[in-house]
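Prediction below, plus the sequence it came from.
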Amino acid sequence: MLENLNPEHIEDLAGARQALKLLLNLVEELKQENHTLRAEVQQLRDELNRLKGEQGKPDIKPSKKAAANYSSEPERRQRQPRRQGRKRDKIRIDREATLAVDPQELPADAEFKGYETVVIQDLAIRTDNVRFHKEKYYSASARQTYLAPLPDGYTGQFGPTVRALVIAYYYAAGMTEPKIVELLQQLGIFISAGQVSNLLIQKTAPWAAEAAAVLEAGLASTGWQHIDDTATRVNGENQYCHILCNPFYTWYATRPHKDRLTVLAVLQNSAELTYWLNAQTGAWLETFAVPKWAQERIAAWPQEQALTHAALSQLLDQELAARLNAQQQARVLEAAALTAYHTQRDVPVIPVLVSDDARQFRYLTTAQGLCWIHEGRHYKKLTPFVPYHRALLDAFLTQFWDYYHQLQRYRAAPTPDQAAALRAEFERLFSTETGYAALDQRIAATKAKQERLLTVLQHPEIPLHNNPAELGARQRVRKRDISFGPRTAAGRIAWDTFMSLAETAKKLGVSFFDYVYDRVSEKNALPSLADMIRVQSAVG
């Protein structure tokens, strides 16, 4: 940094300012290096202490006052109008009672003035154990026994209410299996941990079908989707839970990987991808910088037909593997998978994807909108030591969030002139040079994402942030923290299925318990969640 700095060459105030900026940036660099080295030394000390049988330095986090608003970006918060509404109007009345005044307490001139209404909420929690006496007949001529069937919804050892409660407690209320067992036993239900586990993960095929229908309806409900992923574990192995959502649904899919091929499989709710080769594949190969000679070979492979992973891998091994590295071969698979995704008609193709800047989300859709909140967090990670640099960072962040709010106002009333003005303002703002090297690098990195950060100018209907997907991921993280993770493939499917249905029901304003009870009792009075999505999205 100081190679070209010579005090003898400083002849004017401008040169002195430049020299001072270089020195201040050097201070920042050395301070950051010192901080990193101190942390590394402490880690080594802790490890030495552990090897000696002692304890490392305790990680005691500072206490902080809980806030009602959980946003990590206070600059972007705007006061929301308070929603007026009467809670009592939403309460379902199950019974009514008229209460009388003791006549002996009334004076002679007391005059009746009607009633004053009071609503008290309560639950009637009691067992409803039934001993069924099923008629039984035997026909000697037919050599067959005839037995009266149980009523709809009754199967096994537990009725529909218990079965619905177990599912709702675990997936919607976030209770653990031992606590569910404990609660039910205290309520008079004799149930074991194994029986609770069976109710949670067995016979999920009909539920999985409903969850698949939710995904299809959700993909078709808006012209854009949120996506995110979070780490999870299945039988102790690291995997990833992918979250797709919009205002009408949330859908979960746990897979071993989070690469682009996996995301494409998630978008199609497919266990195995289909591949397709045509002219569009060649365009993807060009985008991915696959060598020309390889593109020519691939153009001679079977075109305009579905290929399995095994078939395409065999072609790669036979003709390209010797000269293409593993990364280039992966790009070939991605190009063919992308072509297949945009060619198929089994599930709706997403026009616009709102996400963070993770590489696996690029190129999946015609347009991609980046999350401005994620971008703002990069600036929050800067920790300047020099007060002058802190002032520069604070001043720029103020401009950053002011521009964010301009984009929000544009979404409410978009016009071509305003779009052009916002684009010009982006160019100006993110061409700023402050002299604080780390901040200037961060500003340049934001400018490089201009096209995806300004997707909102062509698609004002999309949100500027990816918070809904992050909130969906947070639900999975909380579930993971409480219950660690499924231990079997059946458990993984159950987690994804019921969490998808529970979060979707919440967004649609449906009681998840009522929905589950409706299905397990075999009443089927409630429409499917997929149908509710179609109705609500049509209304807007």
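Structure's in. What do you need?

Make sure residue 232 is indeed in a strand.
Yes. Per DSSP: H, G, I helix; E, B strand; the rest coil, residue 232 lies within a strand segment.

how close does it get to residue 258?
With distances taken as C-beta to C-beta, to the nearest Å, residue 232 is found 11 Å from residue 258. From N, CA and C alone the C-beta is placed, and that goes for glycine too.

Ok, residue 315 next?
Distance from residue 315 to residue 258, counting by C-beta to C-beta: 26 Å.

Residue 249 now?
Relative to residue 258, residue 249 is positioned 21 Å away (C-beta to C-beta).

Angles on the backbone of residue 224, please.
phi -150, psi 160 (degrees, to the nearest 10).

do the same with residue 182
The phi/psi pair for residue 182 (degrees, to the nearest 10) is phi -60, psi -40.

what's near enough to touch it?
Under the criterion of C-beta atoms under 8 Å, 6 or more residues apart in numbering, residue 182 has no contact partners.

Just the pLDDT at it, thanks.
Listed pLDDT for residue 182 reads 96.

so where's this protein shaky on pLDDT?
Along the chain, segments meeting pLDDT under 70 span 1-13, 15-16, 19, 56, 58-85.

buried residues in the strand or helix carrying residue 424?
Secondary structure assigned from DSSP states H and E places residue 424 in helix 416-429. Under the neighbour-count criterion of 16 or more other C-beta atoms under 10 Å, helix 416-429 has 418, 419, 422, 426, 429 buried.

Kindly provide the distance from the fourth one to residue 415.
Noted for residue 426: a distance of 16 Å to residue 415, by C-beta to C-beta.

if you count what's nearby, which of residue 232 and residue 258 comes out ahead?
Between residue 232 and residue 258, counted using other C-beta atoms under 10 Å, residue 232 has the larger neighbour count: 24 against 19.

SS state for the nearest residue to residue 534 once chain neighbours are set aside?
Closest residue in space to residue 534, ignoring its immediate chain neighbours: residue 217 at 5.5 Å, by C-beta to C-beta, 6 or more residues apart in numbering. With three-state DSSP as the basis, residue 217 sits in helix.

how about residue 217, what does it touch?
Residues near residue 217 by C-beta under 8 Å, 6+ apart: 248, 249, 529, 530, 531, 533, 534, 537.

Let's see if you can find the most crowded of the residues you listed.
Tallying neighbours with other C-beta under 10 Å puts residue 249 at the head of these, with 30 neighbours.

Phi first, then psi, for that one.
Torsion angles, degrees, to the nearest 10, at residue 249: phi -160, psi 160.

Just to check, it is in contact with residue 222?
No. Assessed by C-beta atoms under 8 Å, residue 249 is found out of contact with residue 222, at 9.8 Å.

how near is the closest residue in space to residue 136 that isn't next to it in sequence to residue 203?
Spatial nearest neighbour of residue 136, excluding adjacent residues (C-beta to C-beta, 6+ apart): residue 147 at 5.2 Å. In this view, residue 147 and residue 203 are 22 Å apart by C-beta to C-beta.

neighbour-wise, which of those two wins?
Ranked by neighbour count (other C-beta under 10 Å), residue 147 and residue 203 place residue 203 first, with 13 against 10.

Count residues in the vicinity of residue 516, would you?
Counted with other C-beta under 10 Å, residues neighbouring residue 516 total 25.

May I ask which helix or strand encompasses it?
Per DSSP H and E: residue 516 is located in helix 512-520.

ok, now which ones touch the nearest residue to residue 439 once chain neighbours are set aside?
Leaving aside its chain neighbours, residue 439 sits nearest to residue 393 (5.7 Å; criterion: C-beta to C-beta, 6+ apart). If you count contacts by C-beta under 8 Å, 6+ apart, residue 393 has them with 379, 382, 384, 436, 439.

did I read that right, residue 393 in a strand?
No. Using three-state DSSP, the assignment for residue 393 is helix, not a strand.

Pick out the residue nearest the middle of the chain.
Centroid-nearest residue in the chain, with C-alpha atoms, centre = their mean: residue 469, separated by 3.1 Å.

my hunch is that that one is in a helix, does that hold up?
Yes. The assignment for residue 469 is a helix, going by three-state DSSP.

That one against residue 230, yeah?
No. Counting by C-beta under 8 Å, residue 230 is not a contact partner of residue 469; they are 9.6 Å apart.

tell me, what's touching those two both at once?
Each of residue 243 lies in contact with both residue 469 and residue 230 under the rule C-beta under 8 Å, 6+ apart.

quick one on the thing from earlier: distance check, the residue nearest to residue 534 against residue 248.
For residue 217, the distance to residue 248 - C-beta to C-beta - is 8 Å.

intersection of neighbour lists for those two?
Shared contacts of residue 217 and residue 248, defined by C-beta under 8 Å, 6+ apart, comprise 533, 537.

Quick check: which helices or strands does the helix holding residue 424 pack against?
Counting contacts by 3 or more C-beta pairs under 8 Å, 6 or more residues apart in numbering; DSSP states H and E, helix 416-429 packs against helix 387-412, helix 450-453, helix 455-458.

From the rest of the structure, what touches that helix?
Applying C-beta under 8 Å, 6+ apart, the contact partners of helix 416-429 are 399, 400, 403, 406, 407, 410, 447, 450, 453, 454, 457, 458.

filter those to the buried ones?
Neighbour counting with 16+ other C-beta under 10 Å marks 400, 403, 407, 410, 453, 454, 457 as buried within these.

quick one: the second one from residue 463, how far?
Pointing back at residue 403 there. Remark: distance between residue 403 and residue 463 (C-beta to C-beta) = 16 Å.

Per the annotation, how does this protein divide into domains?
Per automatic domain parsing, the structural domains of the chain span 144-207+490-539, 221-361, 372-465.

wait, which of those is closest to residue 20?
In terms of C-beta to C-beta, the element of these nearest to residue 20 is domain 372-465, at 9.0 Å.

Distance from the closest one to the middle of the chain?
Relative to its chain's centre, domain 372-465 lies at 24 Å (C-alpha atoms, centre = their mean, to the nearest Å).

repeat for stretch 187-196
32 Å.

hey, where'd the strands end up in this protein?
Secondary structure of the chain (DSSP state E): strands located at 136-139, 144-147, 224-234, 237-246, 249-255, 275-276, 306-307, 352-355, 367-370.

I'd like those laid out as a markdown table, including distance to residue 485.
A markdown table is the format used below for the strands of the chain (distance: least, C-beta to C-beta, whole Å):
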| stretch | distance to residue 485 |
| --- | --- |
| strand 136-139 | 46 |
| strand 144-147 | 42 |
| strand 224-234 | 4 |
| strand 237-246 | 8 |
| strand 249-255 | 9 |
| strand 275-276 | 31 |
| strand 306-307 | 34 |
| strand 352-355 | 24 |
| strand 367-370 | 30 |
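
Among the ones you listed, single out whichever gets nearest to residue 22.
strand 367-370 (32.7 Å).

Provide the contact partners of that closest one at residue level.
Here strand 367-370 makes contact (C-beta under 8 Å, 6+ apart) with 224, 351-357, 361-362, 449, 452-453, 455-456, 458-459, 462-464.
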